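A.B. asks: Return atomic coordinates for the entry below.
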Amino acid sequence: MAPSATTRQRPAATTATTATATATATAPSKRPSFPPNKSDEYAAEWVPPPFTIKELRDAIPAECFRRDTFKSFSYVFMDLAMIAALGVAASRFDSLAAAIFPASDLYASLVKWAVLWPAYWVMQGIVMTGVWVIAHECGHQAFSDYAWVNNSVGFVLHSLLLVPYYSWKISHSKHHKANVHMQKDQVFVPGTRSQAMKRTASGAAVAAVEAAPLVETLMILRQQLFGWPAYIVANVSGQKFDRWTSHFDPTSPIFSASQFLQIVASDIGIVGAFGLLTYFSYTFSFLDVVKYYLIPYFWVNHWLVMITFLQHTDVRVPHFTEASWDFLTGALSTVDRDYGILNHFFHHIADTHATVALKAKLGKYYLWDDTPIFLSLYRSYRDCKFVEDSGDVLWYKSK
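C.D. replies: Numbering: from 1, shown residues only. Next up, the predicted model:
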């Protein structure tokens, strides 16, 4: 599928960063006592990409670098219209359920709570994720030619989704500038073997329990529901620093002193969003806020974490130390996935890192996976536990 206009408009530097999908997979096991890992076959064949950034940029059609403010706003209005339509529909669930089962309050209640509201939560979460993606593009300055338009739209949309716009924009830029760099990347930085062994040092029984499919499924559920808040509040899965780190702290080591006021502005945006939620709780009820906003919000968290986790976590994706990393190799280290019809609602952020022309140029360095998406999530979580402590090109291991 072709990328949406919003995705296509990303400027050159950003396109070079994200217009791709990795190359490969993992280094030979340095510990023969462990059985082979699934990444070993990719590691054995991996070589650095043979082309340059300029060659890749030249392969991207010129229209991919053009930003159309009017067209970008059309996506905003389309998504907001769908959100409003779903909200209006939800407001009529009581009368709809009563109309379906006029003689039974029990059946009407079952239809409302077991069918109608869950359908609303899933659909509204999907559409709200599209709004999140548009704000993400604003952070990349891909929404419009005018920075003030990008930042104004991104600030409003992300704040309404409880995202600190400038704070995340800054850390996300650092992520793109150092993707899969063990010491500089900002998100989904893998732990090392020694750290994993330390965590399970209490014994083989604990390790076996943690590896049980049911336990792993519960851990995935925890990641999907709370991974995003944990990251922005406490930098969980981010780069390790020698102090507590948060996207809400203007003095965090993620940021420079010159960015202090941007972080404060982001915090003010979040306070404003909570103020709106409080107002609606008093005007209507807290239960209404939960039904119409908070539960879909957790679905947004789920999709956001799934998209980013699966873009960066795969046995074919290498990580690098300072000695072996370079911008192009890092930029190529990501995987495109197929979300089916959701690709449209997500504005193709997950399946079109690369244009058709660029895919042809990348060859084997473009990674694509059309495995059912939830199966991909389970496999990546199961197979990508840590990387080795030493070496310049590091690959995910599971044991």
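A.B. asks: mean confidence for stretch 154-165?
C.D. replies: Mean pLDDT, taken over the full extent of stretch 154-165, equals 98.
A.B. asks: just stretch 169-189 next, same as before
C.D. replies: Stretch 169-189 shows a mean pLDDT of 96.
A.B. asks: before we move on, what about stretch 192-204?
C.D. replies: 76.
A.B. asks: So which residues of the stretch 101-250 of the chain form helices?
C.D. replies: All helices of the stretch 101-250 of the chain, identified by DSSP state H, counting those that start in this stretch, fall at 105-111, 117-139, 147-160, 165-177, 193-199, 204-211, 213-234.
A.B. asks: wait, I meant the stretch 251-399 of the chain
C.D. replies: Under DSSP H, counting those that start in this stretch, the stretch 251-399 of the chain gives helices at 260-283, 286-289, 295-312, 327-331, 342-345, 356-362, 373-383.
A.B. asks: name the helices or strands packed onto the third one?
C.D. replies: Using 3 or more CB pairs under 8 Å, 6 or more residues apart in numbering; DSSP states H and E, the elements in contact with helix 295-312 are helix 117-139, helix 213-234, strand 335-337, helix 373-383. C-beta coordinates here come from the backbone N, C-alpha and C atoms, glycine included.
A.B. asks: What separation is there between the most centrally placed residue in the chain and Val233?
C.D. replies: With distances taken as CA atoms, centre = their mean, the chain has Thr308 as the residue nearest its mean C-alpha position (2.8 Å). To Val233, Thr308 is 16 Å away according to CB to CB, to the nearest Å.
A.B. asks: Same check on Ser324?
C.D. replies: Plainly put, Ser324 is 32 Å away from Val233 if you go by CB to CB.
A.B. asks: hmm, which helix or strand of the chain has the shakiest average pLDDT?
C.D. replies: helix 12-18 (a mean of 36; mean pLDDT, DSSP states H and E).
A.B. asks: What's the first helix or strand after it?
C.D. replies: Next helix or strand after helix 12-18 toward the C-terminus (DSSP states H and E): helix 40-45.
A.B. asks: Mind giving me the packing neighbours of that next one?
C.D. replies: In terms of contacts (3+ CB pairs under 8 Å, 6+ apart), helix 40-45 is not packed against any helix or strand.
A.B. asks: Give me the buried positions along that helix.
C.D. replies: Asp40, Glu41, Tyr42, Ala43 (16 or more other CB atoms under 10 Å).
A.B. asks: Now the helix or strand just after that helix: buried residues?
C.D. replies: Using DSSP H and E, the next helix or strand after helix 40-45 towards the C-terminus is helix 53-59. Buried residues in helix 53-59, counting neighbours by 16+ other CB under 10 Å, are found at Ile53, Leu56, Arg57, Ala59.
A.B. asks: Out of these, flag the one nearest to Gly125.
C.D. replies: Nearest to Gly125 among those is Leu56, at 34.5 Å by CB to CB.
A.B. asks: Need the contact partners of stretch 384-395.
C.D. replies: Contact partners of stretch 384-395, identified using CB atoms under 8 Å, 6 or more residues apart in numbering, comprise 25-27, 30, 37, 39-40, 42-43, 46, 182, 190-196, 313-315, 318-321, 323-324, 396-399.
A.B. asks: mind running it again at 7 Å?
C.D. replies: 25-27, 30, 39, 43, 182, 190-196, 313-315, 318-321, 323-324, 396-398 (CB atoms under 7 Å, 6 or more residues apart in numbering).
A.B. asks: Please export the C-alpha coordinates of that stretch as CSV.
C.D. replies: In CSV, the C-alpha atoms belonging to stretch 384-395 read as follows (Å, rounded to 0.1, in the frame of the first residue of the first chain):
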residue,chain,number,x,y,z
CYS,A,384,14.1,-11.2,22.2
LYS,A,385,15.1,-11.2,25.9
PHE,A,386,18.6,-9.7,25.9
VAL,A,387,21.8,-9.2,24.0
GLU,A,388,25.4,-10.3,24.8
ASP,A,389,27.5,-8.2,27.2
SER,A,390,30.4,-7.9,24.7
GLY,A,391,30.9,-7.5,21.0
ASP,A,392,30.3,-4.6,18.6
VAL,A,393,27.3,-6.1,16.7
LEU,A,394,24.8,-7.6,19.2
TRP,A,395,21.8,-9.8,18.5
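A.B. asks: tell me the mean pLDDT for it?
C.D. replies: What stretch 384-395 shows for mean pLDDT is 94.
A.B. asks: what's the spacing between that stretch and its chain's center?
C.D. replies: Chain-centre distance of stretch 384-395: 22 Å, with CA atoms, centre = their mean, to the nearest Å.
A.B. asks: How about stretch 336-352?
C.D. replies: 12 Å.
A.B. asks: and it, which residues are buried?
C.D. replies: Result for stretch 336-352 [16+ other CB under 10 Å]: buried residues 336-339, 342-343, 345-352.
A.B. asks: Let me see the mean pLDDT of it.
C.D. replies: Stretch 336-352 shows a mean pLDDT of 95.
A.B. asks: start to end distance for that stretch?
C.D. replies: 7 Å (CA to CA, to the nearest Å).
A.B. asks: looking at this structure, which residue ends up farthest from its center?
C.D. replies: Ala103 (46.0 Å).
A.B. asks: Quick check: it vs Lys112, distance?
C.D. replies: From Ala103 across to Lys112, the span is 15 Å (CB to CB).
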